[in-house]
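Undergrad: attaching a predicted model along with its sequence, questions to come.
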Amino acid sequence: MTAVPLPVGPAPVKRVSLGRRFLRRPLGVAALAVFAIVVAVAVLAPWLAPFDPDHLDFALSHATPGNGHPLGGDSAGRDILSRLLFGARTTLYGALITCLTCVVLGVPAGVAAGYFGGVTDRIASWISDALQSVPVMIVLLVVAAGTGQNFAVLMVTLGVLLAPGHYRIARARALTVCREPYIDAARVSGVTTLRILRTHMLRAVYAPVIVQTALTAGIAIGLQAGLQFLGVGSAATPSWGQMMNDGFQTMLSYPLILLWPSIALGLTIAALAFIGSTLADLVSVRVELPTARRRARVRRELAAAPSALPEAVASGTHVHEVADSALRVENLRVGYATRDGVSEVVRGVSFDAAPGEVLGIVGESGSGKTQTIFSVLDLLPAGGTAVADGIWVGGQEVGKRSPKERAALLGRAIGYVPQEPMTNLDPSYAIGHQLAEPLRRVHGLSKAAARQRARDVLVRVGIQDPDRVLKAYPHQISGGMAQRVLIAGAVAGRPSLLVADEPTTALDVTVQAEVLELLRELQREYGMALVIVTHDFGVVADICDRVVVMKDGRVVETGPVERIFRRPEDPYTAELIGASLDDAACRDELDEAWSPAGARGEEAAR
Ligand SMILES: Nc1ncnc2c1ncn2[C@@H]1O[C@H](COP(=O)(O)OP(=O)(O)OP(=O)(O)O)[C@@H](O)[C@H]1O
């Protein structure tokens, strides 16, 4: 076989900052522009205002727009535009005090409660719950009465009352993050608690806190205007709430006086709400999905890439006729849209597997094994695009079918065993439910029949006490048992093709051997084709008949296991075998096992 020249690795996918992603949302940008104008107006009010906002001119009382007063005059004879511009200052100043108070009190308390838990969490959560049950407006009126209507104190009080919003968000995020393995890693490497809180935890909460702050600012502005409308605050300081109060009293005869501050207030609150919701969208979806146009471009570029098929076929990539294959993949390409074009992660991969055959797809981390398999299953992550000359399952072309039709193959024609047993079982449901539910939904079995089939299949995969396991939750069984459960789920529907993605990586050595043996037994018993993805040539040696070696998204070599071990044609394959089987004793055993007189015999070697 001729070695395929290796391409350079795929271009790294650039991470786009939150700010830049925000600027791609038209609604968010419009809201930000409105808010920026309000801020600019507030800062530049002394220069922009045509008149002193407190200057009284009785001739201007209830004046309609015109005569140098674009928005007219209020009931006391003051220029409405000037008061509106200065009112923006009061409004934003109040919102700023409230938001700062929320952040300063709520975020550290939430992070500490989530990280330390126990008494800290209980006390902080109790205070937060107590604050939430307080009637905000009444407390503000009492504080206004007690402090001589001090505006700053009122806004700080409002911040204290709204701080539970920030607290809850920071606590929830901290609770999730503090269980992450990288936090444990930081702890064991001697990083101080203060540093972990400052770096990892605050970094994790900052995005949702920004969202919450934008929403809180809107709420604070609304409540502040409500207080001013009720007459709280100094009459000497222009504010939108006071202006609304003035307009409200003359609403029927001079409606414009009420209209201007209402528009200013409405626009500012709406802008903050849209900024908040756009940020919330961006924070919850960290990876931006390419638009339909970019996706179509990726598809075109992948399709236009030169085909690797003729050489691959010539070198024995396909050894079965289409009709005789359980799985056949021809010239598969997978790409992701990047800012500079397309990052191609699978580049013209072709292989096939016959019923009853075990095919290993082997390669180092990042070589494209999982992307290849996920393309077959139509489970590529959002943003990934697969293009192929053909994908056949059981002799039927499925690559051009709709996503719904592809999904219908899973659990019926194709079974799938994932890499991480624990994370693939839902902790909220008992094992029995998780096994029986797909049998009922996909195969239409009755509840009792599905449960019986689930029990039978658990027995078949070697679970000693199936009745206990059926009732158990995932955290009550070991990793090895969980993998057996997933294998049971994958074969329960009697698929003709079983795909296993690194099924032993998360298990210890003894359990690995048992799981491989089980897969081999089931594959023989049900006559399935088994496609097993692995980075380990030891696994290939254990159970595979043929192997596809991948690197940088391409097939570098393919052939029967015996031949590949004896005479790897590509230096990369030799290197990979050496890295996996560096124990001389093991190698000797393999050599012996694959001697012409060995168990599998010369006949199987091609
Ligand atoms: N969502 C994604 N967006 C962009 N590139 C991706 C994405 N997922 C995977 N890739 C890239 O695709 C390439 C192949 O990844 P793949 O997961 O198939 O590797 P692998 O051979 O299965 O390795 P491993 O065993 O470590 O999972 C890698 O370079 C990876 O960075």
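TA: All right, it came through fine.

Undergrad: please make it C-alpha for all contacts and neighbour counts, starting now.
TA: Will do.

Undergrad: which SS class is R328?
TA: Using DSSP: H, G, I helix; E, B strand; the rest coil, the three-state assignment for R328 comes out as strand.

Undergrad: right, I mislabeled it, should have said N331
TA: strand.

Undergrad: from F351, how far off is it?
TA: Noted for N331: a distance of 9 Å to F351, by C-alpha to C-alpha, to the nearest Å.

Undergrad: and what of Y182?
TA: Going from Y182 to F351 by C-alpha to C-alpha gives 38 Å.

Undergrad: those two - which one has more neighbours?
TA: F351 (24 against 12; other C-alpha atoms under 10 Å).

Undergrad: the more buried one pairs with what?
TA: Note on F351: beta-bridge partners by DSSP bridges are V329.

Undergrad: domain map for the chain?
TA: 26-52+79-284, 296-401+536-604 (automatic domain parsing).

Undergrad: let's have those domains in CSV, adding mean pLDDT and distance to the ligand.
TA: Shown next, in CSV, are these (pLDDT from 0 to 100; distance: least, C-alpha to the nearest ligand atom, whole Å):
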stretch, mean pLDDT, distance to the ligand
domain 26-52+79-284, 91, 16
domain 296-401+536-604, 80, 3
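
Undergrad: in TSV: the ones you listed, plus distance to M481.
TA: Below are the domains of the chain laid out as TSV (distance: least, C-alpha to C-alpha, whole Å):
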stretch	distance to M481
domain 26-52+79-284	23
domain 296-401+536-604	19
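
Undergrad: of the ones you listed, which approaches P65 most closely?
TA: domain 26-52+79-284 (9.0 Å; C-alpha to C-alpha).

Undergrad: that closest one: how far from the chain's middle?
TA: Distance of domain 26-52+79-284 from the chain centroid (C-alpha atoms, centre = their mean, to the nearest Å) equals 28 Å.

Undergrad: again with stretch 511-531
TA: A distance of 33 Å separates the centroid of the chain from that of stretch 511-531, by C-alpha atoms, centre = their mean.

Undergrad: who's in contact with it?
TA: Under the criterion C-alpha atoms under 8 Å, 6 or more residues apart in numbering, residues 326-327, 353-361, 461, 480, 483-484, 487, 494-500, 503-505, 539, 542-543 lie in contact with stretch 511-531.

Undergrad: anything in that stretch near the ligand?
TA: No. Taking C-alpha under 6 Å from any ligand atom as the criterion, stretch 511-531 and the ligand are apart, separated by no less than 13.5 Å.

Undergrad: I figured S367 hits G553, correct?
TA: Yes. Counting by C-alpha atoms under 8 Å, G553 is a contact partner of S367 at 5.2 Å.

Undergrad: can you check which residues contact both of the two?
TA: In contact with both S367 and G553: V345, using C-alpha under 8 Å, 6+ apart.

Undergrad: where do the helices sit along the stretch 501-606 of the chain?
TA: All helices of the stretch 501-606 of the chain, identified by DSSP state H, counting those that start in this stretch, fall at 509-526, 537-543, 561-566, 571-580, 584-593.

Undergrad: so which other helices or strands are in contact with the second one?
TA: So that's helix 537-543. Judged by 3 or more C-alpha pairs under 8 Å, 6 or more residues apart in numbering; DSSP states H and E, helix 537-543 is in contact with strand 358-363, helix 509-526, helix 571-580.

Undergrad: just the ones you listed: most buried one?
TA: strand 358-363 (a mean of 27; mean count of other C-alpha atoms under 10 Å).

Undergrad: send the alpha carbons of it over as CSV?
TA: Backbone C-alpha positions of strand 358-363 (Å, rounded to 0.1, in the frame of the first residue of the first chain) are rendered in CSV as follows:
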residue,chain,number,x,y,z
VAL,A,358,-14.8,-6.3,13.6
LEU,A,359,-13.3,-3.2,12.2
GLY,A,360,-11.0,-1.0,14.3
ILE,A,361,-10.5,2.7,13.6
VAL,A,362,-7.3,3.6,15.3
GLY,A,363,-5.3,6.8,15.5
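
Undergrad: hmm, back to that, could I get the helices and strands packed on helix 537-543 as CSV with distance to V119?
TA: Below are these laid out as CSV (distance: least, C-alpha to C-alpha, whole Å):
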stretch, distance to V119
strand 358-363, 49
helix 509-526, 41
helix 571-580, 50
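
Undergrad: looking at those, which is closest to R453?
TA: Smallest distance to R453 across the helices and strands packed on helix 537-543 (C-alpha to C-alpha): 15.2 Å, for helix 509-526.

Undergrad: got the angle for that closest one vs strand 358-363?
TA: Following axes from the mean of the first three to the mean of the last three C-alpha atoms, to 10 degrees, one obtains 140 degrees for the angle between helix 509-526 and strand 358-363.
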